[in-house]
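[1] Quick one, structure for this:
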Amino acid sequence: MQLLGANDMAKLGCGDCDGCSACCRGMGRSILLDPYDIFRLQKITGQNFAGLMQEKIELGVEDGLILPALRMQPETDACGFLAADGRCSIHAGRPGLCRLFPLGRKYDEKGLHYFLLEDACEIQNRTKVKIRKWLETPALSQYEGFLTVWHELRGNLQEQIGKRQSDTFAQKSNVLFLELFYKRPYDTEEDFYIQFEKRREEFLASVISADQ
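    Numbering: from 1, shown residues only. This is a model prediction of the structure:
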């Protein structure tokens, strides 16, 4: 597996999907959403978390942690944001995993890397595109820093839930986690990263105080 950086080229270009929407269908709960995804969705749809939960997203459990994901519609098994013409209706505000495909992410002591998911995309003869351009995310270095911090925070909490084997700890942690990072509306006119860091500090302080 070749690890790539944001300035590397990879065979990602698909001719604007050329009418294909295969990666928007049959994904189950695999398109997990992070706080920045909710910020983007809230901004482009005008709906808060509760509103999105009505039809577009759903909750699932990942290693003891409750996380939201894009919801596949029961009648079509397609993403609720997929329009009738097979195009994404929120393309400018689509979640990070949608922007990433057909790339994957890998985290290590050196930070965040990308790798190509071979044969994941059905379109053949894809052209080379710089990863930075493919992701279409402003302030990409800052976004990557957020992803690394989020990955660590989420992983540490999942590890604690697994180690403790305490229903009370798991329930309280999940309630607080969902409230701070997802349910509490973001101010879409203000900087996301400042808001996230304040919530992260509040979460860590609450978890520490609960242990004492």
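[2] in this structure, which spans are helices?
    Here the chain has its helices, by DSSP state H, at 35-45, 49-53, 96-100, 131-135, 140-164, 167-178, 192-211.
[3] Which elements pack onto the last one?
    When contacts are defined as 3 or more C-beta pairs under 8 Å, 6 or more residues apart in numbering; DSSP states H and E, helix 192-211 packs onto helix 35-45, helix 140-164, helix 167-178. (C-beta placed from N, C-alpha, C; glycine too.)
[4] Return that helix as CSV; C-alpha atoms alone will do.
    Listed next in CSV are the C-alpha coordinates belonging to helix 192-211 (Å, rounded to 0.1, in the frame of the first residue of the first chain):
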residue,chain,number,x,y,z
PHE,A,192,-15.6,25.6,12.9
TYR,A,193,-12.2,24.7,14.3
ILE,A,194,-12.5,27.2,17.2
GLN,A,195,-15.9,25.8,18.1
PHE,A,196,-14.7,22.3,17.9
GLU,A,197,-11.7,22.9,20.2
LYS,A,198,-13.9,24.5,22.8
ARG,A,199,-16.2,21.5,22.7
ARG,A,200,-13.2,19.1,22.9
GLU,A,201,-11.9,20.9,26.0
GLU,A,202,-15.3,20.8,27.6
PHE,A,203,-15.7,17.1,26.8
LEU,A,204,-12.2,16.2,28.2
ALA,A,205,-12.8,18.2,31.3
SER,A,206,-16.2,16.5,31.9
VAL,A,207,-14.7,13.0,31.4
ILE,A,208,-11.8,13.8,33.8
SER,A,209,-14.1,15.2,36.4
ALA,A,210,-16.4,12.2,36.1
ASP,A,211,-13.4,9.9,36.9
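[5] Can you list the buried residues in that helix?
    192-193, 195-196, 199-200, 203, 207 (16 or more other C-beta atoms under 10 Å).
[6] what do you get for the longest one?
    Taking 16+ other C-beta under 10 Å as the basis for neighbour counts, the residues of helix 140-164 that come out buried are 143-144, 146-147, 150, 154, 157-158, 160-161.
[7] pretty sure Gly64 is touching Gln171, no?
    No - Gly64 is beyond contact range of Gln171, at 10.5 Å (criterion: C-beta atoms under 8 Å).
[8] quick one, the worst-scoring helix or strand of the chain on mean pLDDT and helix 140-164 angle?
    None of the helices or strands of the chain scores lower by mean pLDDT, DSSP states H and E than helix 192-211, at a mean of 88. If you take axes from the mean of the first three to the mean of the last three C-alpha atoms, to 10 degrees, helix 192-211 sits at 20 degrees to helix 140-164.
[9] what's the distance between helix 192-211 and the middle of its chain?
    19 Å (C-alpha atoms, centre = their mean, to the nearest Å).
[10] Tell me the spatial nearest neighbour of the spatially most central residue of the chain, not counting adjacent residues.
    Centroid-nearest residue in the chain: Leu33, 3.4 Å away (criterion: C-alpha atoms, centre = their mean). Leaving aside its chain neighbours, Leu33 sits nearest to Pro68 (4.7 Å; criterion: C-beta to C-beta, 6 or more residues apart in numbering).
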